[in-house]
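[1] what follows is a predicted protein model with its sequence.
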Amino acid sequence: MADSTADLLFEIGVEEIPAPAVLPALGQLERMLVKALDEARLAHGEARTCGTPRRLAIIIRDVVLRQPDVEQEVKGPPAAAAFDADGNPTRAAEGFAAGRGLSVDALEVRATDRGDYVFATVAEPGRAAVEVLPEILRDAATSLTFPKTMRWGSSDFRFARPIRWIVALLGGDVVPVEIAGLHSDRLTWGHRFLSEGPVTLADPSQYLDALEAAYVIADHKRRREMIATGARAAAEQAGGRVRLDADLLDEVNFMVEYPTALVGHFDSRYLELPDDVIVTVMSGHQRYFAVENPDGTLQPLFVAIRNGDEQGLDLVRQGNERVIEPRLADAEFYLTEDMRTPLHDRVEDLKRVTYIEGMGSLYDKTQRLEGLVHWLCGRVAQVEQRHEDNAARAATLSKCDLTTTMIGDTKLAKLQGRVGAEYARRSGEPEEVALAIAEQYRPLAAADHPPTTTPGRLIALADKMDHLAACFRLGMRPTGSADPHALRRSAAGIVRIILDARWRIDMPAFIRAALDALPEVGDEDAIEPDQAAAQLEEFLAARLQAELETYAVGYDLARAVLAAPCPDLLDAFDRALALRAIRGSDADFEAVVIAAERTANIVRGPKAEEKLALDAEALTEPEEKALHEAYTAAAARLERALADDAVRDYQAAWQALAELRDPIDAFFDAVLVMAEDDAVRRNRLALVAAVDDLFLRLLDVQQIVIEGEAD
Amino acid sequence: MTFQDIFATLDRFWAGQGCLLTEPWEIEVGAGTMAPDTFLRSLGPEPWNVAYVQPCRRPADSRYGENPNRLGRYFQYQVIMKPSPRDFQDRAIASVEALGIDPLQHDIRFVEDDWESPTLGASGVGWEMWLDGMEICQYTYFQQVGGLQCRPVAVELTYGPERLAMYLQGVEDYRHLQWSDTITYGELRFEEERQYSHYNLELADVGMLSKMFEMCEAEARRVTAAGFPLPAYDYVLKCSHLFNLMDARGAISVSERTGMIERVRNLAAAVARAWVARREELGFPLLAEEHPEGTA
């Protein structure tokens, strides 16, 4: 039925929206419109969004032109009020029926939870989509959220940037929508300079082609591909290879409507600058892509993406070359200034820079980092002495770059660590020290890799733990979504470094060492060290749990593993992964858990008694003797399985525990734990507690959610 | 196109857009936004369309005249239209075309850059206008000025005429700009930059500046309270400039800084409120000429 549906086009034309805001807005637009159409009973095909700096658009295929008719039940007054004792309708019933356009005869009485009520069945004829859509489109547009909104002109309407036109078409018809004083039409606008006057759209199917003819590539996926292809080709032609940074590509994509790549040159003397600095100057200020040689070193070239075609491309290139020159000259000036003072001569300057109010200077912090590096080396097996020395040296120098003019430039501040590393090299420090300085802040984000060198791992762990300890001690624990000191990132970083390095570190001890190293705190908001330590342990466990979820470990299993007392994050991680595998393959997993839960339910809970001593000789019943025997055997097997720190065999440990299932069930079926005789009862409880403790070596079975069981 | 041609061309263009051409404010300011023709006139409901050149002083940018791109005293060309017309962006582009720049031969773009002045309690949403990667204008929809919401919203376009001229004339150093056909920017202003740089960076008497700051602050407060926001605002501007001078001398610590900015902001906010109250008392005399967005 070709004429029962039509495509819907909705385009909001704006003054240039900030690049990072476009994709999230398109996502919202699609979700809201699809949901609203579904709720309005307007069946439809697939939705596709298109975004440029000047437009947010969506095309939804095959939207039905009319809602289906429906019958709706409307609840009226209680039956007792609607009919009198003789069963005649009252005025309430008449009024209700008349209000729905029905006669009283059409009313029905039906039982509900709250007694008998009168119901009317009202036929609701479907409305034309073009009548329903204006409100839906308007609501969606006005419900979009942005990181920042604004007002313009004389209106109080808020949006990311001023709205300048609206297109709303259902097939060949304009859907009349009014937003911010603008009325929808079939007129869109092409490229600001390459296209003259509005572009008239007969129907949504013309949208992409008509805009392309007007020099706008509205499909952002295709435009991104064009930029990437164009940048590669342009760099290749100039004899280089473009570095297509994905984030920069996304940003540039939403800064242009019709991309044309061009290559510009800069004076090769600027190649003396650290690569990171050149790349950041080019991408941060100008959104240029870097160009490299086959060996990865930089060429004195950049790729810029112009918003337009090939006209005047040489002029555009010259202009861009003129802009980048003074910016690189600024960086060169910083480098020359900074290199007057070798990195290690800046250590003294750190005494004059406050780290966090109440937590001493940056110098104090580097001292603490050195201490923590040594502490870690004493606890982590197989750290070679040279690594320890290099990490300690890196700790001393780690914050020196914060006193340089290079990092003082706000656009380059994010190069902290990396600039320090480069300056360390140029100041004659060993490469391993430089690398560790560069790696101290990693992983910077979820997508970033943790440090890979041993000194880098040591200093990164120390830096993050010191930061967490200082903030927790000052009572600056993050609450809700606010996390101004990036403490979640620090904690996640610790977890990922430990898992990546596969280091066994006693976390409570590490936390304690960091807290103990902090200066005395007089602040009244400060948290006592014991409490801060407990909070920090919990905080790190929560990060590990989040990390486990990315490994498809179920929420309940993650909790079960973390609830079992364990100071070692790596052990918890390995256990969780092993148990996830066992749960997925071992059909008896749940049966074993259910058996173990019987022990846990008895010995834990409010009436749990103090630790009881088990007297094996005093056990009398065959089933309790059998359980004790099985327990002893399982305990021995479990210890053997976990004895080797390098290869803890959780599979074998679980097999040992699984052997307890039948003896546990037999024990509970035959033996009364809560015997009248006090000594007997206490001895049996002690046995059950021992079994429970053994399970707790791997997990807390009470946390496991068994399907079909109430949570 | 000479430096002075740029001003003359922009004057002609914006007069054609219905803007008043006014003269610079004669008290030191750090930006064209601080002149009363922007700061005060962007407040309240009265329509306001104006264009003017404003010399600006930024003592901390003093470089003894030796840096090709940085000056302690330079110019801004300032345009304000309130309420912001619907096609303002097109007008901004047309003004650049009037300067002889063909958009088809260049890459003109609007790149997100929101603006905030903690000293004036002002903020706006807007862009840098790029010409082949170079910022030539700042384009801002004011949202708040002097702590007051802007209703209607004024739009501001601020040109950097030195940069624009360097681009148009193809020179790499401000000193080589032709101010007129016969005189260069350097011939006219290098000595001024040199002398003021010495004063701003070395010579200024910090103790005296600090005393003056206190005095101007007290005067601004007293005159505002007396109901005369215009003369009071002169002293707010003086406070701001004195602060900038002390800052250039390195005489303000990080912790003092926030406090002093807040003091100036409080003065500016009080003046803003008093100004709007006074305009209201006068019955907002310019309201009769109100144009809805798009018809100015």
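    That came through, no problem.
[2] which one is residue 151 nearest to, not counting chain neighbours?
    Here I'm looking at chain A. B:Val153 (5.3 Å; C-beta to C-beta, 6 or more residues apart in numbering or on different chains). (Each C-beta comes from the backbone N, C-alpha and C, glycine too.)
[3] my bad, the chain I had in mind was chain B
    B:Pro45 (7.0 Å).
[4] burial of that neighbour, as a residue count?
    16 (other C-beta atoms under 10 Å in any protein chain shown).
[5] so it: helix, strand or coil?
    coil (DSSP: H, G, I helix; E, B strand; the rest coil).
[6] got the residues of chain A near chain B?
    Residues of chain A found near chain B, taking C-beta under 8 Å from any C-beta of the partner chain as the criterion, are A:15-16, A:18-19, A:53, A:148, A:150-156, A:161-162, A:164, A:181, A:192-194, A:255-256, A:286, A:304, A:306-308, A:311-312, A:315-316, A:318-320, A:322-324, A:326.
[7] hmm, back to that, so the residue nearest to B:Arg151 touches B:Pro152, yeah?
    Yes: using C-beta atoms under 8 Å, B:Pro45 is in contact with B:Pro152, at 6.9 Å.
[8] tell me where the model's unsure across the chain.
    Going with chain A. A:1-2, A:605-611, A:708-711 (pLDDT under 70).
[9] wrong one, I was asking about chain B
    Ranges of chain B meeting pLDDT under 70: B:254-255, B:289-296.
[10] if we go to 90?
    Counting by pLDDT under 90, chain B has low-confidence residues at B:60-61, B:63, B:67-70, B:172, B:247-259, B:288-296.
[11] tell me the domain ranges of it?
    When chain B is parsed with automatic domain parsing, its domains come out as B:3-200, B:205-286.
[12] can you say which of the ones you listed is packed in most?
    domain B:3-200 (a mean of 20; mean count of other C-beta atoms under 10 Å in any protein chain shown).
[13] straight-line length of that one, end to end?
    Using C-alpha to C-alpha, to the nearest Å, the span of domain B:3-200 from its first residue to its last is 26 Å.
[14] name the residues that touch stretch A:77-91?
    Contact with stretch A:77-91 is made by A:76, A:92-93, A:96-97, A:104, A:107, A:109, A:115-118, as judged by C-beta atoms under 8 Å, 6 or more residues apart in numbering or on different chains.
[15] which of the residues you listed fall within helices?
    A:92-93, A:96-97 (DSSP state H).
[16] which one of those residues sits closest to chain B?
    A:Phe96 (47.7 Å; C-beta to the nearest C-beta).
[17] need the contact list for that closest one.
    A:76-77, A:82, A:107, A:118, A:120.
[18] just to revisit the earlier point, just the buried ones from the contacts of stretch A:77-91, in ChimeraX syntax?
    Only the buried entries of the contacts of stretch A:77-91 go into this ChimeraX selection, using 16 or more other C-beta atoms under 10 Å in any protein chain shown:
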select /A:76,92,93,96,97,104,107,117,118
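[19] which one of the contacts of stretch A:77-91 is nearest to A:Asp615?
    Distance ranking of the contacts of stretch A:77-91 against A:Asp615, using C-beta to C-beta, places A:Gly115 first at 64.7 Å.
[20] state the phi and psi torsions of the residue nearest to the closest one when sequence neighbours are not counted.
    Leaving out its chain neighbours, the residue that sits closest to A:Gly115 by C-beta to C-beta, 6+ apart is A:Pro78, at 6.0 Å. When read as degrees, to the nearest 10, the backbone of A:Pro78 gives phi -60, psi 150.
[21] can you check B:Gly44 too?
    phi 80, psi 180.
[22] quick one: it from chain A, how far?
    13 Å (C-beta to the nearest C-beta, to the nearest Å).
[23] what does B:Pro55 give?
    23 Å.
[24] hang on, that residue packs against B:Tyr74?
    Yes: using C-beta under 8 Å, B:Pro55 makes contact with B:Tyr74 at a distance of 7.5 Å.
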